[in-house]
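>>> Fold the following, please.
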Amino acid sequence: MSAMHAFAAVAALTLAGGAVAPAYAADAPEPVNVALASGPSAPTLDVSYDTSWNDSAALNDGETGPTDAYDEMWGTWGAPEDPDQDWATYTWDVPVTISSSTVYFWQNLGTPDGDGGIMIPQSWSLEYQDDAGQWQPVTGADLEYPVPTLDPDEPTASQPPVTATFDEVTTSAVRLNLQRTDHEGQLRATSVIEWEVFGQAAPPSEGEPEDPDAFIDAEQVSARTLVDTDPQLPEQVWVIDSGGPLHYVDVDWEPVDEAALSEPGTVTVTGDPSGYDGQSVTGTVYVAESLSQEISSIEYAATITAPGVEPVLPRTVVAQYDDGTVSSTLGVEWEAIDPDQYAEAGALFDVTGTVEGYADDAIATVFVVELVEQEKPIVSIDVGGNPQGSGWYTSPPTIAISAEATTSPVESVEYSLDGGQTWQEYTTAFELDAQGEVSLTARATAANGAVGTAEQALKVDSHAPETGIHFVIEEDDSATVTLNATDAEPGSGVTRTVWSDGPDADPQSEKNNMFATYDEPFSVQLGDDPWYVHVQSQDAAGNVEDYVSLELPTLADLTLSAEATPRCMAGNAAVYVSVTNEADAASSAVTVQTGWGTGTVDPIGSGETASVAVNSRESALDAGTVTISSAGGEDTFERAVSFPAVDCG
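Residues are numbered from 1 along each chain as shown. Next up, the predicted model:
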């Protein structure tokens, strides 16, 4: 097969006149909320931040009524680093055509028990994802983003809906951007009860024909006739194949319905062009009570040729008449073309023609295109599933590779996940189990040795981060808690860690304190009853860790006490640590950790005291702390013990 892609691309753009079919017909059903989680077009949802007490799934659960229940709305209070903007995205497996969106905001400024931490955003906007995966703003001549106005005398939490209407756009993803309000020098978080997006599922695109012998463009016929009179349709139409210029073929038109000719209007007819099974051409018949012969305008014509090949121009042109009818059967006499005009690829020139009964010239534009014979197999990679708004896949995507033969049959198809260093045979679609930023390359080798390739860059992180909890018992019987969150390489990296503490082992219990963003070690006071610390981390891809919980020891559990005393030993400063076991049973071995070394105390009997000295081998020590720790049994914990400065010089 000779696939002349440059030729076909120009033909598609020029001969089709740049027309774009509407996403769905004017008589299509009324737009529906394509964001609804229970609807036929249910999308996946991703948000910039989600608290443990809110629920982002509420955004598209269909519940729009007023509410003060935190789990019936999406909220961003506590987002790390106080961002100036919050966002949420819907992503569809099948593209949708959308034209409006409605948002239900929630706020707590001036409401009972409200502290104004959550406010109506300063502004909001919408973006859609284009075919290249880039975010673009929706547009419209009358596009506005109204913001609810809060009555300071009667402030309410649940706000009336606001709607933005925009030009129809077909997309697989849409993003809601919320610009935070700066109130009293602080950016306030946002909350949304429901976010609706209205439109329809987009029809599948037809794409280019797979048949190498199919035409890439054909004449769009227009004919005029009187009421109750059969139209005179042409016996031939021009077509353009993928490998050659314009030429004419016979066409067999379907009969025109007599009832459709009984009154003025237009009728669409279909023709079967000779030699093109499975393809058809269309025509429009203009039916009128009378036909004017006054031509108001003639449309531009276009054709394509190769360097050194004389252009073939259409035999007729499309004429617009002053009665609103159109005919594509008007003959034209084109002027002679100088061969120098089409001698080189890339040339573009106009040819004028004469039409009887029309004073002005007809014009045809000629594009001179280098014909490129495609020898390499045509390879494409299809990635199943959609990435999160972060651009990362949080579940392994399905990879399907296709290879189309050109001048020689395809003998093998392979793929590489390391930029082409190693190759694996491709037989069927597979789940990509690699992690991190993956460079996927596919190649197909033809029998003649020609190799076609395709590349796809992917980011995959399907593993949630993990958070370690470390605590030290201080002398005042409080615990200093340190969190260490990690994301297994080559992951997307931890973006936030949140923590809560309280008397309930359930991390989502309302008895516990609200979750806060972890920035530095924090202190928790111990008591006679159990106390719990709950933590959770999220990575840049959007994976969220299951809650990790720790039960801190009670005061009754603190069975080991200690004292640390600095002393001088042969001119060196050392710290003597004595540990007392106040429990009814023997302790485990005790480790004493200092900034310069470690000492060990053997298991200590009930009520007994043991000591160890740790020499710094320095002449002086500043005031500091040592840490005693035990491992095993009921006395598993750490405790910090302070000591004063000493100078042995």
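
>>> V147 and I120, how far apart?
The gap separating V147 from I120 is 6 Å, by Cβ to Cβ, to the nearest Å. Where C-beta positions appear, they are placed from N, C-alpha and C, glycine not excepted.

>>> higher neighbour count, the two?
Remark: of V147 and I120, I120 carries more neighbours, 21 against 17, as counted by other Cβ atoms under 10 Å.

>>> residues contacting the more buried one?
Listed by Cβ atoms under 8 Å, 6 or more residues apart in numbering, the contact partners of I120 are 105, 107, 147-148, 150, 159, 181, 190.

>>> G133: which of the residues you listed is nearest?
Proximity of the contacts of I120 to G133 (Cβ to Cβ) peaks at T190, which lies at 26.1 Å.

>>> for that closest one, phi and psi?
Backbone torsions for T190, taken as degrees, to the nearest 10, come to phi -120, psi 160.

>>> correct me, but T165 touches V138?
No. Using Cβ atoms under 8 Å, T165 makes no contact with V138, being 9.5 Å away.

>>> out of the two, which sits in the more crowded spot?
The residue with more neighbours, out of T165 and V138, is V138; 21 against 14, by other Cβ under 10 Å.

>>> Show me the domain layout of the chain.
Residue ranges for each domain of the chain read 32-201, 215-368, 378-460, 466-556, 559-647, as given by automatic domain parsing.

>>> Columns pLDDT and secondary structure on top of the contacts of I120, output as a markdown table?
A markdown table is the format used below for the contacts of I120 (pLDDT from 0 to 100; DSSP: H, G, I helix; E, B strand; the rest coil):
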| residue | pLDDT | secondary structure |
| --- | --- | --- |
| F105 | 97 | strand |
| Q107 | 95 | coil |
| V147 | 95 | coil |
| P148 | 94 | coil |
| L150 | 90 | coil |
| Q159 | 95 | coil |
| T181 | 94 | coil |
| T190 | 96 | coil |
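
>>> For PyMOL, write a command that selects the buried ones of those residues.
Buried subset of the contacts of I120, written as a PyMOL selection, criterion 16 or more other Cβ atoms under 10 Å:
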select buried, resi 105+107+147+148+150+159+181+190
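
>>> Of the contacts of I120, which is the nearest to A218?
Among these, and counting by Cβ to Cβ, the member closest to A218 is V147, at 50.9 Å.

>>> so who does that closest one touch?
The neighbours of V147, taking Cβ under 8 Å, 6+ apart as the test, are 120-124, 162.

>>> cool, T181 as well?
Contacts of T181 were listed using Cβ under 8 Å, 6+ apart, and they are 119-122, 187-188.

>>> Apply 10 Å and report the result again.
With contact taken as Cβ atoms under 10 Å, 6 or more residues apart in numbering, T181 is in contact with 107, 109, 116, 118-123, 147, 187-190.

>>> Also D68?
106, 108, 111-114, 157-158.

>>> Find the helix or strand that it is a member of.
Using DSSP states H and E, D68 sits in no helix or strand.

>>> What pLDDT does the model give it?
D68 is assigned a predicted lDDT (pLDDT) of 91.

>>> That one and L417, how far apart?
50 Å.

>>> For the protein, give me the ranges with low pLDDT.
1-29, 203-212, 242-244, 371-374, 389, 476, 631-637 (pLDDT under 70).

>>> In it, which residue sits furthest out from the middle?
A570 (68.1 Å; Cα atoms, centre = their mean).

>>> got the contact list for that residue?
Listed by Cβ under 10 Å, 6+ apart, the contact set of A570 reads 615, 648.

>>> Let me know the distance separating it from I193.
73 Å.

>>> which of the contacts of D68 are buried?
Buried among the contacts of D68 by 16+ other Cβ under 10 Å: 106, 108, 111, 157-158.

>>> Going along the chain, name the helices of the stretch 1-150 of the chain.
For the stretch 1-150 of the chain, the helices defined by DSSP state H, counting those that start in this stretch occupy 5-14.

>>> just to revisit the earlier point, sort out which one of the buried ones among the contacts of D68 lies nearest A447 for me.
W106 (64.7 Å).

>>> Surely that closest one touches W195?
No. Assessed by Cβ atoms under 10 Å, W106 is found out of contact with W195, at 11.8 Å.

>>> Need the overlap of contacts for the two.
Contacts common to W106 and W195, judged by Cβ under 10 Å, 6+ apart, are W74.

>>> show me what contacts Y286?
Y286 sits in contact with 222-225, 231, 264-267, 321, 323-327, where contact means Cβ under 10 Å, 6+ apart.

>>> Can you tell me who it pairs with across the strands?
For Y286, the beta-bridge partners under DSSP bridges are R224, T266.

>>> Could you number the chain from 52 rather than 1 from now on?
Sure, I'll start numbering at 52, so the last one becomes Y337.

>>> How much space separates it from T317?
Y337 sits 6 Å away from T317, going by Cβ to Cβ.

>>> Find residues that contact each of these two.
Contact criterion Cβ under 10 Å, 6+ apart; residues shared by Y337 and T317: 273, 375-377.

>>> Can you pick out the most distant pair from these?
Maximum distance among the shared contacts of Y337 and T317 (Cβ to Cβ): 11.8 Å, for S273 and G375.

>>> For these two, indicate the residue with more neighbours.
S273 (22 against 12).

>>> show me where the stretch 502-651 of the chain has strands.
502-511, 517-524, 529-537, 545-553, 567-568, 573-576, 582-590, 599-603, 611-620, 623-632, 641-644, 649-652 (DSSP state E, counting those that start in this stretch).

>>> who does the closest residue to W128 other than its chain neighbours bridge with?
Nearest non-adjacent residue to W128, counting by Cβ to Cβ, 6 or more residues apart in numbering: A240, 4.0 Å away. With DSSP bridges as the criterion, A240 is bridged to I169.

>>> Could you give the number of residues near A240?
24.

>>> Show me the strands in the stretch 102-251 of the chain, by range?
In the stretch 102-251 of the chain, the segments counted as strands under DSSP E, counting those that start in this stretch are 125-126, 136-157, 174-180, 186-188, 213-230, 233-234, 237-238, 242-252.

>>> Thanks a lot, see you next time.
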